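In: next comes the sequence, and after it the predicted model I'd like to discuss.
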Amino acid sequence: MNIKKELSKFSTYFVLTIFIALGVSNTALATVKSVTGQLKLRAIIDNRPAFSSVSWEISLRKAGVQKVIKTVKQHTATIELEPGTYQIILSAKDKARTRSITIVESKLHDLVINLD
């Protein structure tokens, strides 16, 4: 009888330890994951989607240094970015447009650029 009680206690402690470990693990993962914002890019020509070949170049400006972090070759896309100030260059054939945008965490930002 005494062995059964001890085994039952051990099982309870073992299960509780697993639950606590899983909870701590999930919390640790949540703090490591960076918070991002979404940027929806849309290229238009004559107030219509620019279905032609376009290229988006996304550069992060940090501490006076600008670094290209992503290139997208579609007329529309939604991308995840860390908070910060970005320079966006849209190119198509012989035209190019440049915009700056500041991404705020947990927000959806919409950038529409007309190539007329």
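Out: Noted; the coordinates are in hand.
In: now the residue sitting nearest the centre point of the chain: closest residue in space that isn't a chain neighbour?
Out: With distances taken as C-alpha atoms, centre = their mean, residue 80 lies nearest the centre of the chain, 2.4 Å away. Nearest residue to residue 80, sequence neighbours excluded (C-beta to C-beta, 6 or more residues apart in numbering): residue 36, at 4.4 Å. For the C-beta atoms, the positions are set from N, CA and C on the backbone; glycine is no exception.
In: isn't that neighbour right up against residue 79?
Out: No - using C-beta atoms under 8 Å, residue 36 is not in contact with residue 79, being 9.3 Å away.
In: picking up where we left off before, now for the residue nearest to residue 80: which residues touch it?
Out: Residues in contact with residue 36, defined by C-beta atoms under 8 Å, 6 or more residues apart in numbering, are 80, 81, 82, 83, 103, 105, 106.
In: and it, what's its pLDDT?
Out: For residue 36, the model assigns a pLDDT of 90.
In: residues of stretch 57-67 that come out buried?
Out: By neighbour count on 16 or more other C-beta atoms under 10 Å, the buried set for stretch 57-67 is 57, 58, 59, 60.
In: can you list contacts of that stretch?
Out: Under C-beta under 8 Å, 6+ apart, the answer for stretch 57-67 is 39, 68-72, 79, 81-82, 84-89, 91, 100.
In: which residues in this structure form strands?
Out: In the chain, the strands defined using DSSP state E lie at 37-45, 48-49, 55-62, 65-72, 76-81, 84-92, 95-103, 108-114.
In: so what's residue 55 up against?
Out: Contacts of residue 55 by C-beta under 8 Å, 6+ apart are 71, 72, 73, 90, 91, 92.
In: just grab the bridge partners of it for me.
Out: Beta-bridge pairing of residue 55 under DSSP bridges involves residue 91.
In: then residue 97?
Out: Under the criterion used (DSSP bridges), residue 97 bridges to residue 90.
In: ok, it - how many residues close by?
Out: 14 (other C-beta atoms under 10 Å).
In: what do you get for residue 103?
Out: Neighbour number of residue 103 under other C-beta under 10 Å is 19.
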